[in-house]
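**Student:** quick one, what's the 3D model for this:
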Amino acid sequence: MSGKRLITVLFFAALVCISLTARIYYFDTGIDMDELSLGRVFVGENGIDVSAVFSGGININSVYMLMVSVSCLFFGNNAVAGLYLNVLLQMATVMMIFFAINIVANRYVAFAAGIVAAAAPVYIAFMDDFSGINLTVAAGGAAILLIMLIIKALLLLKKPKVKNKYEGDADMKEIVSPETEEVKTNYIENPLPVPKRKPHKQMDYAVNVKDDDDYDIKDMTGKDFFDIE
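**Tutor:** Okay, here's the model as predicted:
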């Protein structure tokens, strides 16, 4: 993993911890949870009453109430189920803000914006709001992130592709490296006069000798003192 990706992962993990810790703190200090507003989404013996959930029509609030009903299947018929759902939606919104700003700016600016969204008391106060505001904000964050991703993809498509000169291309001639190409040297003709070449002469002896002569010195009698008898 590269250094930049490692920093992004660490920032992401830090935002998760900060978001969760801040909400646990405000939850422990006391939140007024209204169970009456959740009465119609509690799960009965026959399961989720979809007709009661969508009695007001299909809108963002009805979808939120359906999500609360699903949460009640795991955490029971009480306001805590809706509270856990709101915590999950808020944390998801913080993460989407982080990634959206990371696309248009950088990871440091995104981390700073994520901390503000994660620890802002005004936003945390909506944890006990069961009107669907948390789902609306999360949907807005998802839409912004999607738009940023589309813009980034379009910019990458418009970016000209740099071709490698060593890659084959049917429309281009083969490129030969100057280091490997054989260069033919063209010499210029010397305009100055040069000496004429002399015919080659082979050196020889001035006297005729026998083929079996060993070239030793002999005395007047013909005796060779250098031969070993």
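**Student:** confidence-wise, which helix or strand of this protein is lowest on average?
**Tutor:** The weakest-scoring helix or strand in the chain, judged by mean pLDDT, DSSP states H and E, is helix 50-53 (a mean of 67).
**Student:** buried sites along the following helix or strand past that helix?
**Tutor:** With elements assigned by DSSP states H and E, the helix or strand that comes after helix 50-53 is helix 60-75. The neighbour-count check on helix 60-75 (16 or more other Cβ atoms under 10 Å) flags N61, S62, Y64, M65, L66, M67, V68, S69, S71, C72 as buried. In this view, the C-beta of every residue, glycine as well, is placed from N, C-alpha and C.
**Student:** would you map the helices across the protein?
**Tutor:** 3-28, 50-53, 60-75, 79-104, 107-119, 121-124, 133-158 (DSSP state H).
**Student:** JSON lines for these, including distance to K210?
**Tutor:** Shown next, in JSON lines, are those (distance: least, Cβ to Cβ, whole Å):
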{"stretch": "helix 3-28", "distance to K210": "94"}
{"stretch": "helix 50-53", "distance to K210": "134"}
{"stretch": "helix 60-75", "distance to K210": "126"}
{"stretch": "helix 79-104", "distance to K210": "106"}
{"stretch": "helix 107-119", "distance to K210": "104"}
{"stretch": "helix 121-124", "distance to K210": "125"}
{"stretch": "helix 133-158", "distance to K210": "98"}
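**Student:** of those, which approaches V43 most closely?
**Tutor:** Among the helices of the chain, the nearest to V43 by Cβ to Cβ is helix 60-75 (4.8 Å).
**Student:** which strands or helices does that closest one pack on?
**Tutor:** helix 50-53, helix 79-104, helix 133-158 (3 or more Cβ pairs under 8 Å, 6 or more residues apart in numbering; DSSP states H and E).
**Student:** quick revisit: closest to T221 out of the helices of the chain?
**Tutor:** Using Cβ to Cβ, those put helix 3-28 closest to T221, at 105.4 Å.
**Student:** average pLDDT across that closest one?
**Tutor:** Helix 3-28 shows a mean pLDDT of 85.
**Student:** what's the angle from it to helix 79-104?
**Tutor:** Interaxial angle of helix 3-28 relative to helix 79-104 (axes from the mean of the first three to the mean of the last three Cα atoms, to 10 degrees): 150 degrees.
**Student:** offset the numbering so it begins at 262, please.
**Tutor:** With the count now opening at 262, the last piece we talked about shows up as helix 264-289.
**Student:** tell me the most buried of the helices of the chain?
**Tutor:** helix 340-365 (a mean of 21; mean count of other Cβ atoms under 10 Å).
**Student:** that one to helix 321-336, inter-axis angle?
**Tutor:** 120 degrees.
**Student:** which other helices and strands contact helix 340-365?
**Tutor:** Right, helix 340-365 is packed against helix 264-289, helix 321-336, helix 368-380, helix 394-419 by 3+ Cβ pairs under 8 Å, 6+ apart.
**Student:** quick one: average confidence on it?
**Tutor:** 87.
**Student:** now swap in stretch 373-385 and tell me
**Tutor:** 88.
**Student:** and the contacts of it?
**Tutor:** 272, 276, 279-280, 283-284, 287, 351-352, 354-356, 358-359, 362, 398 (Cβ atoms under 8 Å, 6 or more residues apart in numbering).
**Student:** about what we covered before: Serialize the helices and strands packed on helix 321-336 to a markdown table and add fields for distance to A373.
**Tutor:** Formatted as a markdown table, the helices and strands packed on helix 321-336 follow (distance: least, Cβ to Cβ, whole Å):
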| stretch | distance to A373 |
| --- | --- |
| helix 311-314 | 39 |
| helix 340-365 | 9 |
| helix 394-419 | 17 |
